[in-house]
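**Student:** Sequence first, predicted model second:
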Amino acid sequence: MSSDRRTFIKRLGMGAAVGLGSLAILEKTALVEASSSEPVETNSETRWGMLIDMSLCDPECNDCQKVCHAKHNVPDHGNKKDEIKWIWKAPFKNVFTDMNHTYLQAGLLEKPFLTLCNHCDNPPCVRVCPTQATFKRDDGIVQMDYHRCIGCRFCMAGCPYGSRSFNWRDPRENLKQLDPSFPSRERGVVEKCNLCAERVDVGQLPHCVETCTNGVLIFGNLNDPESAIRKALNEKKTIQRKPALGTRPSVFYVI
Amino acid sequence: MIEKALTGDKRYHLWMTALLLVIGNGVFYYLKQLEYGLGITGMSRDISWGVYIAQFTFMVGVAASAVMLVLPYYVHNFKAFGKIVVLGEFLAVAAVSMCLLFIMVDMGHPDRFINVLRYPTPNSMLFWDANVLNVYLVLNLLCGWVVLEAEKLKKAPPKWIKPFIYLSIPWAFSIHTVTAMLYAGLPGRHLWLTAIMAPRFLASAFAAGPALLILLSLLLKRVANFDVGKEAIGKLTTIVTYGILANFFFIGLEFFTAYYSGIPSHQHNLDYLFFVLEGHGNLVPFLWTSVFLGMGGIVGLFWPGLKENEKALGLICGAIFISLWIDKGIGLVIGGFVPNPLGEITEYYITWPEFSITLGIWAIGALILSVLYKIALSVKQAP
């Protein structure tokens, strides 16, 4: 049985279980998956991931965001309400909401931390999307089909990391410069970081990783024990955002 | 029977004209929204669902409450509901129509709506919700219409309609359960991540829906000389009483779990809605109004002899309806987004275009209801 078919049948089964109210079946399978540290469907040799070493990051620098947003035609509407962002900085206390305590190292609470889509191995946004406009690729990248998205914003409610933005208005009006190498979006669809799938697929590094001169970002294959990211994960103490939710992020942090 | 909706006295035509004006205003602003995008509303990156989805959620409850008439009448043979059961079914038709419209106006790409059916996705609760709502709409329109048609011809309803009537009973529960599951399965949204979301929804629905139906019945008695009967109103009042008590019981349980467990993330949304969170609390006055109106309604229901007075009963039901509307039609959805997943606070303020579109859909609901009730009454009042 092909994996596509298996996935479909699994989805159908999950849906039917809920539809019929047989929640017990669903909870049982969901529980086993969530408690396992292994990826859900490891039929792929590749699972792209990222390690962010915040000890190396210059708090004043925003180069990664600038390049990412310029290259992906992310507009700047100049107000918080319509804001669209793929990668940005927020204080530690906001990025790691469940890791705050009174006696945290001086300055850490307010220290700006990089944040982006976690490309979860068990992504809630993919689970809730009614049209599969958001989907997880075999290599772990959580991708969007902007032509299929109906703009219901269920994924924005589902994402526990606030990583998604909606085009409340025409994004093309507020692009400083259109980069023709990447599609711009239209109003009425959701968007987010795509881990530079368009570059990764041709063997290039994501823009943010390539741009960073401080070596903050390590990108690589989590399923390859010899990859740079796996070696770094082996050596350093790393954490993830909200691990208790069972989403299994592919983005890791060194504080 | 549809021709009955076209004739009526001056008041009827005036009422319909007024509704059409409100609808026209809504359509005008909806066209603007289509042109500019959903940025015309008060929604934002942080509060990504607003009054549209909140109204949708509330109206699903009103629609589901038709089962509170269908079940006693058809299953328990409670004859006193004979004159009112079709009013309940038609209320469900109007309410579900509003639900579907609220979903449509909330979509960034309504032109792609068909994608939900083109790429059926059983793991999305929205896929199930779209399906159960549409079927429920058809079921109620069918059951109400066929039984009414039979009544017009002074015959017993055809036997084939029975299975559809019985099916509409579990279906009513399903629409509100699935709607609750839109919210109750999202990780990291603490206000919504509660196993009693569906029971809460049903309890508030079975208070708000019948309360509205009592108000409508009292209104029909005055403006259309149509009396559903004292016994029917009495029974509905009892249903409202149990519904509103269960609703506040469940809300109390939510407060207990959040505050006794001491887990801050479980308290933040409730803090925002009821007690001001870090200086932000634009919904606090609304939520306390909801509590006071609801509690006032409960006191009124238990006050000896008060509910026998029609004016008092109208006030009680109005208070309960508004209370539950604030709780579910404003607080529940918007409160779930504050604070956002990063613990930041953004507040939501409805805009005039958004308000106009919302009001327009309420007017469409009222128009559908008026047409259907006009038809029902003309059959029931025929000599």
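**Tutor:** Alright, I've got the coordinates.

**Student:** can you pull the contacts of residue A:208?
**Tutor:** A:64-65, A:67-68, A:87, A:116, A:196, A:217 (C-beta atoms under 8 Å, 6 or more residues apart in numbering or on different chains). The C-beta positions use only the backbone N, C-alpha and C, and glycine is treated the same way.

**Student:** for residue A:73, that is, sorry about that
**Tutor:** A:171, A:175, A:178-179, A:182-185.

**Student:** Tally up the residues packed near residue B:380, please.
**Tutor:** 16 (other C-beta atoms under 10 Å in any protein chain shown).

**Student:** what's the straight distance from one end of stretch A:117-134 to the other?
**Tutor:** 13 Å (C-alpha to C-alpha, to the nearest Å).

**Student:** Let's have the contacts of residue A:208 in a markdown table, adding distance to residue B:1, secondary structure and neighbour count.
**Tutor:** Converted to a markdown table, those look like this (distance: C-beta to C-beta, whole Å; DSSP: H, G, I helix; E, B strand; the rest coil; neighbours: other C-beta atoms under 10 Å in any protein chain shown):
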| residue | distance to residue B:1 | secondary structure | neighbour count |
| --- | --- | --- | --- |
| A:64 | 66 | helix | 26 |
| A:65 | 63 | helix | 20 |
| A:67 | 66 | helix | 17 |
| A:68 | 61 | helix | 21 |
| A:87 | 61 | strand | 24 |
| A:116 | 59 | strand | 23 |
| A:196 | 62 | coil | 23 |
| A:217 | 69 | strand | 24 |
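
**Student:** Go through the residues you listed and say which is closest to chain B.
**Tutor:** residue A:116 (12.6 Å; C-beta to the nearest C-beta).

**Student:** how about the closest one, what does it touch?
**Tutor:** By C-beta under 8 Å, 6+ apart, the residues touching residue A:116 are A:50, A:86-88, A:163, A:193, A:208, A:251.

**Student:** From those, pick the one nearest chain B.
**Tutor:** The closest of those, once distances to chain B are taken by C-beta to the nearest C-beta, is residue A:163, at 8.3 Å.

**Student:** Look at the closest one and give its secondary structure.
**Tutor:** coil (DSSP: H, G, I helix; E, B strand; the rest coil).

**Student:** Just confirm it contacts residue A:191, I think it does.
**Tutor:** No: the pair formed by residue A:163 and residue A:191 falls short of the contact definition of C-beta atoms under 8 Å, at 10.3 Å.

**Student:** From the contacts of residue A:73, keep the buried residues only.
**Tutor:** With neighbours counted by 16 or more other C-beta atoms under 10 Å in any protein chain shown, those contain buried members at A:171, A:175, A:182, A:184-185.

**Student:** and of those, the nearest to chain B?
**Tutor:** The shortest approach to chain B among the buried ones among the contacts of residue A:73 belongs to residue A:171, at 9.5 Å (C-beta to the nearest C-beta).

**Student:** With residue A:144 as the reference, measure out to the closest one.
**Tutor:** 14 Å (C-beta to C-beta, to the nearest Å).

**Student:** Over to residue B:295?
**Tutor:** Taking C-beta to C-beta as the measure, residue B:295 falls 46 Å from residue A:144.

**Student:** who's more crowded, those two?
**Tutor:** Between residue B:295 and residue A:144, residue A:144 has the larger neighbour count (other C-beta under 10 Å), namely 23 against 15.

**Student:** and that one, bridged to which residues?
**Tutor:** Applying DSSP bridges to residue A:144 gives these bridge partners: residue A:134.

**Student:** Run through the helices of the stretch 101-250 of chain A in chain order.
**Tutor:** With helices called from DSSP state H, counting those that start in this stretch, the stretch 101-250 of chain A shows them at A:124-128, A:154-158, A:197-200, A:207-211, A:228-235.

**Student:** In a markdown table: those, plus mean pLDDT.
**Tutor:** Shown next, in a markdown table, are the helices of the stretch 101-250 of chain A (pLDDT from 0 to 100):
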| stretch | mean pLDDT |
| --- | --- |
| helix A:124-128 | 97 |
| helix A:154-158 | 97 |
| helix A:197-200 | 96 |
| helix A:207-211 | 97 |
| helix A:228-235 | 96 |
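
**Student:** Adding pLDDT, write the contacts of residue A:208 out as CSV.
**Tutor:** Shown next, in CSV, are these (pLDDT from 0 to 100):
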residue, pLDDT
A:64, 96
A:65, 97
A:67, 97
A:68, 97
A:87, 97
A:116, 97
A:196, 96
A:217, 97
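
**Student:** After the helix-or-strand element of chain A with minimal mean pLDDT, which helix or strand is next?
**Tutor:** Ranking every helix and strand in chain A by mean pLDDT, DSSP states H and E puts helix A:23-35 at the bottom, with a mean of 45. Counting by DSSP states H and E, the next helix or strand C-terminal to helix A:23-35 is strand A:48-53.

**Student:** just checking, residue A:252 is part of a helix?
**Tutor:** No: if the criterion is three-state DSSP, then residue A:252 is strand and not within a helix.

**Student:** Surely it touches residue A:243?
**Tutor:** No: Residue A:252 is beyond contact range of residue A:243, at 10.3 Å (criterion: C-beta under 8 Å).

**Student:** Tell me which of those two has more neighbours.
**Tutor:** residue A:252 (21 against 11).

**Student:** what helix or strand does residue B:147 sit in?
**Tutor:** helix B:125-152.

**Student:** Mind giving me the packing neighbours of whatever helix or strand comes next after that helix?
**Tutor:** Using DSSP H and E, the helix or strand that follows helix B:125-152 in sequence is helix B:161-184. Helix B:161-184 is packed against helix B:51-64, helix B:67-70, helix B:85-106, helix B:125-152, helix B:197-223, with contacts defined by 3 or more C-beta pairs under 8 Å, 6 or more residues apart in numbering or on different chains; DSSP states H and E.

**Student:** So which bits of the following helix or strand past the third one are buried?
**Tutor:** The C-terminal neighbour of helix B:85-106 among helices and strands, as given by DSSP H and E, is helix B:115-118. With burial defined by 16+ other C-beta under 10 Å, the residues of helix B:115-118 counted as buried are B:115-116.

**Student:** Nearest to chain A, out of the helices and strands packed on helix B:161-184?
**Tutor:** Nearest of the helices and strands packed on helix B:161-184 (C-beta to the nearest C-beta): helix B:125-152, 4.0 Å.

**Student:** Could you check the angle that closest one makes with helix B:161-184?
**Tutor:** Orientation note: helix B:125-152 sits at an angle of 150 degrees relative to helix B:161-184 (axes from the mean of the first three to the mean of the last three C-alpha atoms, to 10 degrees).

**Student:** how about helix B:125-152, does it reach chain A?
**Tutor:** Yes: in terms of C-beta under 8 Å from any C-beta of the partner chain, part of helix B:125-152 sits within range of chain A, namely B:125-128, B:130.

**Student:** Quick check: closest non-adjacent residue to residue B:2.
**Tutor:** Leaving aside its sequence neighbours, residue B:2 sits nearest to residue B:375 (C-beta to C-beta, 6 or more residues apart in numbering or on different chains; 6.8 Å).

**Student:** show me the contacts for the one you found.
**Tutor:** For residue B:375, the contact set (C-beta under 8 Å, 6+ apart) comprises B:1-2, B:4-5, B:148.

**Student:** same deal with residue B:88?
**Tutor:** B:65-66, B:68-70, B:209, B:213 are the contacts of residue B:88 under C-beta under 8 Å, 6+ apart.

**Student:** still on that earlier bit, would you turn the helices and strands packed on helix B:161-184 into JSON lines with distance to residue B:233 and mean pLDDT?
**Tutor:** Conversion of the helices and strands packed on helix B:161-184 to JSON lines gives the following (distance: least, C-beta to C-beta, whole Å; pLDDT from 0 to 100):
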{"stretch": "helix B:51-64", "distance to residue B:233": "18", "mean pLDDT": "96"}
{"stretch": "helix B:67-70", "distance to residue B:233": "12", "mean pLDDT": "93"}
{"stretch": "helix B:85-106", "distance to residue B:233": "12", "mean pLDDT": "95"}
{"stretch": "helix B:125-152", "distance to residue B:233": "20", "mean pLDDT": "93"}
{"stretch": "helix B:197-223", "distance to residue B:233": "6", "mean pLDDT": "96"}
